[in-house]
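Student: Sequence plus predicted model, see below.
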Amino acid sequence: MKPSKLLAASLLFAASALACRAAPNDADAAAYGVHKTTIPIEVELEPKDVRATLLRAATARRWTIVERQDGRIVINLAHRGYDATLTLVYDDDSIDIYSDSWRVNKKGERKKREDPEGWIINLAKDIPIYLQRAALY
């Protein structure tokens, strides 16, 4: 096989392997909302420590914890015209953030689906820092 074809085949295999990574099935993903980002877990932590770290990072940004399960945390923040719900799905290797968020009027009625991108980016930046800190203790 030519080197260029071998490289292309290797890249295709790697991409398909990543796509198959313990992602939630399509029905679950649809229930969680829109996939926003994946954060790799680059430190060695027990699942309970990852969960505690995610809870700490979310509450530091004033998110309310709605639901806690093994491998999944649901958080909500209603502020500045948004009703934002994020689902954090995690395993030993990574954390996936899904958003089911809406713009709301002053009465709190949902008007259109819109993600608070800045809030999600801030939380996604905080999580690796909190993971690093947790690994130190």
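Tutor: Cool, the structure landed. Numbers count the residues shown, from 1 in each chain.

Student: for Leu45, what are its contacts?
Tutor: 53, 131, 134-135 (CB atoms under 8 Å, 6 or more residues apart in numbering). Every C-beta, even on glycine, is put in place using the N, C-alpha and C of the backbone.

Student: Show me how to select, in PyMOL, the buried members of those.
Tutor: Listed next is the PyMOL selection for buried residues among these, using 16 or more other CB atoms under 10 Å:
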select buried, resi 53+131+134
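
Student: Same list, the contacts of Leu45, but as TSV with secondary structure and distance to Tyr98 please.
Tutor: Formatted as TSV, the contacts of Leu45 follow (DSSP: H, G, I helix; E, B strand; the rest coil; distance: CB to CB, whole Å):
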residue	secondary structure	distance to Tyr98
Thr53	helix	18
Leu131	helix	19
Ala134	helix	22
Ala135	helix	25
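
Student: residues of the strand ranked longest in the chain that come out buried?
Tutor: Assignment by DSSP state E gives strand 94-104 as the longest strand of the chain. By neighbour count on 16+ other CB under 10 Å, the buried set for strand 94-104 is 95-104.

Student: and it, which strands flank it?
Tutor: With DSSP bridges as the test, strand 94-104 is paired with strand 34-40 (antiparallel), strand 82-90 (antiparallel), strand 110-113 (antiparallel).
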